[in-house]
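1. Can you look at this prediction? I've put the sequence above it.
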Amino acid sequence: MRKNLIENQNFKNENFTENTLEIGEYENCNFSDCIFLNADLSEFNFSDCQFSDCDFSMATLKNTAFRDVKFKNCKLLGLHFDDCNSYYISFDFQNCLLNFSSFFKLKIKNTHFDDCKLEEVDFVETDLTNAVFKNCELRGAVFENTKLDGADFRTASNFSIDPENNQMKKAKFSSQNVVGLLGKYNIVIE
């Protein structure tokens, strides 16, 4: 079944919780100040789209495709990105609230998280090779069997990563936040 193709459209101040967004393939579209709270976005495809000041909290993402998508100033609470179509999944986040979301087992190399809150986020078995966590809050985020080769945590805060349970070749940390690698030893650093 072929999905409708929607290209080069701008959506502003739309409430897609009340008025359902038409299922389809969205290319080069901009969504600004839109509400997707609890919306079912299953089977949607978004390519080269930008979402600004949108609320996706608790949206359903079964087989949703995100390809070269930018999220800016968005609220993305409790999202299961691990339910998305993982084929060529790619996105970046700027100044977003992603608490309680899951990226379980996804391959999201080179993803940029800039000025984001990622509290209690599931990164278990995620491939975050060369990901950047610029000025991100990672309190309670779970990294286990995660591929963090080349990942940049130099300005991230409040993370706890066990180097023995994660692949971390050439990952970057600052001298101020390296404490996040020593939590399991229960030592005091002054």
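-> Thanks, I have the structure now. Worth saying up front: this structure is predicted, and the values here are computed from it rather than measured.
2. and S157, how many neighbours?
-> 15 (other Cβ atoms under 10 Å). All C-beta atoms are positioned from the backbone trio N, CA, C, and that covers glycine.
3. my guess is it meets F133, correct?
-> No. Between S157 and F133 no contact is recorded; they are 9.3 Å apart, counting by Cβ atoms under 8 Å.
4. which regions of this protein sit below the pLDDT cut-off?
-> Filtered on pLDDT under 70, the chain yields the residue ranges 1-2, 178-180, 182-190.
5. rerun that using 50 as the cut-off
-> Screening the chain residue by residue with the criterion pLDDT under 50, one finds the ranges 1.
6. which stretches of it form strands?
-> 4-7, 10-12, 24-27, 30-32, 45-47, 50-52, 65-67, 69-72, 91-94, 112-114, 132-134 (DSSP state E).
7. could you dump those to CSV with mean neighbour count and distance to G140?
-> Rendered in CSV, the data for these read as follows (neighbours: other Cβ atoms under 10 Å; distance: least, Cβ to Cβ, whole Å):
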stretch, mean neighbour count, distance to G140
strand 4-7, 12, 37
strand 10-12, 13, 33
strand 24-27, 19, 33
strand 30-32, 19, 29
strand 45-47, 20, 28
strand 50-52, 21, 25
strand 65-67, 20, 24
strand 69-72, 19, 21
strand 91-94, 19, 18
strand 112-114, 20, 15
strand 132-134, 20, 14
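8. could these go into CSV alongside distance to N85?
-> Conversion of the strands of the chain to CSV gives the following (distance: least, Cβ to Cβ, whole Å):
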stretch, distance to N85
strand 4-7, 17
strand 10-12, 21
strand 24-27, 12
strand 30-32, 19
strand 45-47, 8
strand 50-52, 17
strand 65-67, 4
strand 69-72, 12
strand 91-94, 12
strand 112-114, 21
strand 132-134, 24
